[in-house]
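1. With the input below, show me the fold.
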Amino acid sequence: MAKSKPYKIIQDEPQNLAEEAAVAYETMRSMLGGNKSHLKVITTENDLIELSRTGIKKSTLKSLVGYLGISMEKMSTLLHMSHRNLQRKDEEELLDTLKSEKVLELAAFAKRGIDVTGSEEAFKQWLHAPILALGNKKPIDYLDTSFGMQMALKVLGRLEQGVYS
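-> The predicted structure is shown next:
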């Protein structure tokens, strides 16, 4: 009988985890327009909290709607504001705390979706297709609430694990 090889336990160095998080946050930053949006570098959750509190510019939405494959009108629905009010805002005007936080959550969701599906195009197809686990509704239709976003994230997790849903 062949001897099985013992498992090797590998511990991540905190520095590696920090670098991994920095890459994830940089991806989110690029989804929000990167240098064009004048967003400062995001390296920790504290940076996200600060950014939520100070607000993000309306101009960051244009980049994110591209990643989500939606219109600004749909984005206004996800942010619970009228499309007309969103149109009235100047490109450099800051969104309030709750809307800024929602935009950051949507960017994090999009990053996760692209990671799971493998590409931006595959993510957009998944986001706009009816999903059995969501009652044959599209994931995009669940992103206007935190609970809906949690449901969509669970479906992404199942997809990542190869579980049909």
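2. Identify the residue nearest K89 in space, chain neighbours excluded?
-> Take K89 and drop its neighbours on the chain: the residue closest to it by Cβ to Cβ, 6 or more residues apart in numbering is K58, 4.6 Å away. Just so you know, the C-beta spots here come from the backbone N, C-alpha and C atoms, and that holds for glycine as well.
3. Just the buried residues of the longest helix along the chain, please?
-> Longest helix of the chain, by residue count under DSSP state H: helix 97-117. Under the neighbour-count criterion of 16 or more other Cβ atoms under 10 Å, helix 97-117 has 99-114, 116-117 buried.
4. follow-up on the earlier one: just give me the neighbour total for the residue nearest to K89.
-> Per other Cβ atoms under 10 Å, the neighbour tally for K58 reads 21.
5. swap in the one 10 residues further on?
-> Residues within reach of L68, counting by other Cβ under 10 Å, total 24.
6. again with N46
-> 9.
7. ok, now which ones touch it?
-> Residues near N46 by Cβ atoms under 8 Å, 6 or more residues apart in numbering: none.
8. I'd guess Y164 is in a helix, am I close?
-> No. Counting by DSSP: H, G, I helix; E, B strand; the rest coil, Y164 is not part of a helix but coil.
9. roughly how far is stretch 115-122 from the heart of the chain?
-> A distance of 12 Å separates the centroid of the chain from that of stretch 115-122, by Cα atoms, centre = their mean, to the nearest Å.
10. Now do the end-to-end distance for that stretch.
-> End-to-end distance of stretch 115-122 (Cα to Cα, to the nearest Å): 10 Å.
11. can you list contacts of that stretch?
-> Here stretch 115-122 makes contact (Cβ under 8 Å, 6+ apart) with 67, 114, 123, 125-126, 156-157, 159-160.
12. do the same with stretch 69-86
-> If you take Cβ under 8 Å, 6+ apart as the criterion, stretch 69-86 is touched by 58, 61-62, 64-65, 68, 87, 95, 99, 102-103, 106, 124, 127-128, 140, 143-144.
13. give me that answer again for 7 Å
-> 61, 65, 99, 102, 106, 124, 127-128, 140, 143-144 (Cβ atoms under 7 Å, 6 or more residues apart in numbering).
14. Would you reformat those as CSV and include pLDDT?
-> CSV is the format used below for the contacts of stretch 69-86 (pLDDT from 0 to 100):
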residue, pLDDT
L61, 91
V65, 94
K99, 96
K102, 96
L106, 96
K124, 96
L127, 97
H128, 97
I140, 97
L143, 97
D144, 97
